[in-house]
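Chemist: following is a predicted model, sequence given first.
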Amino acid sequence: MRKMGIMLIACSLAGGAVSVQARELRENDRYMCSWGAGTAARAQELKLSGVSRYAARQKIQSYKFNKSWMRMMAMGITEQTYDSRSRLKPAVIRQGFYQDCVRYKLTRK
């Protein structure tokens, strides 16, 4: 029981550290991580619902993007998602992608 309490405290501290680190990011970096996480979650939804890789690519081509880098980034994220054997729920993918992106952006500084 004591180990469980310690693990919960450690997890909450780790989660707090990520949220504090997120505040240190530039607004553009936070936006990019959030957008990428949403894209990964949507790609996972498509994959889990049985949409083919080709159909997912066609959907991306039909979207209108605000910035020039978004289309190629969305294609890359979708490709990586389809290459993965993961069957995790999209919400878990979104959270993991965001945390990894924030960690990457902070270590890059």
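Modeler: Noted; the coordinates are in hand.
Chemist: for the protein, which residues score under the pLDDT cut-off?
Modeler: 1-23 (pLDDT under 70).
Chemist: how about the helices of it, start to end?
Modeler: Along the chain, counting by DSSP state H, helices occupy 2-24, 27-48, 53-62, 70-83, 90-108.
Chemist: mean neighbour count for the ones you listed - can I get that in a markdown table?
Modeler: Where you see a C-beta, it was placed from the backbone N, CA and C, and this is true even at glycine. Formatted as a markdown table, those follow (neighbours: other Cβ atoms under 10 Å):
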| stretch | mean neighbour count |
| --- | --- |
| helix 2-24 | 10 |
| helix 27-48 | 18 |
| helix 53-62 | 13 |
| helix 70-83 | 16 |
| helix 90-108 | 16 |
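Chemist: for the spatially closest residue to Leu46 that is not a sequence neighbour, give me its contacts.
Modeler: Nearest residue to Leu46 in three dimensions, chain neighbours excluded: Ala56, at 4.8 Å (Cβ to Cβ, 6 or more residues apart in numbering). For Ala56, the contact set (Cβ atoms under 8 Å, 6 or more residues apart in numbering) comprises 43, 46-47, 78, 82.
Chemist: so how far is Val92 from Ala56?
Modeler: Distance, Ala56 to Val92, using Cβ to Cβ, to the nearest Å: 19 Å.
Chemist: give me the nearest residue to Ala43, chain neighbours excluded.
Modeler: Distance criterion Cβ to Cβ, 6+ apart; nearest residue to Ala43, sequence neighbours excluded, is Thr81 at 3.9 Å.
Chemist: wait, the one you found touches Leu48, no?
Modeler: No. Using Cβ atoms under 8 Å, Thr81 is not in contact with Leu48, being 9.9 Å away.
Chemist: relative to Val102, how far out is the nearest residue to Ala55 once chain neighbours are set aside?
Modeler: Closest residue to Ala55 apart from its sequence neighbours, by Cβ to Cβ, 6+ apart: Leu46 at 7.7 Å. According to Cβ to Cβ, Leu46 stands 24 Å off from Val102.
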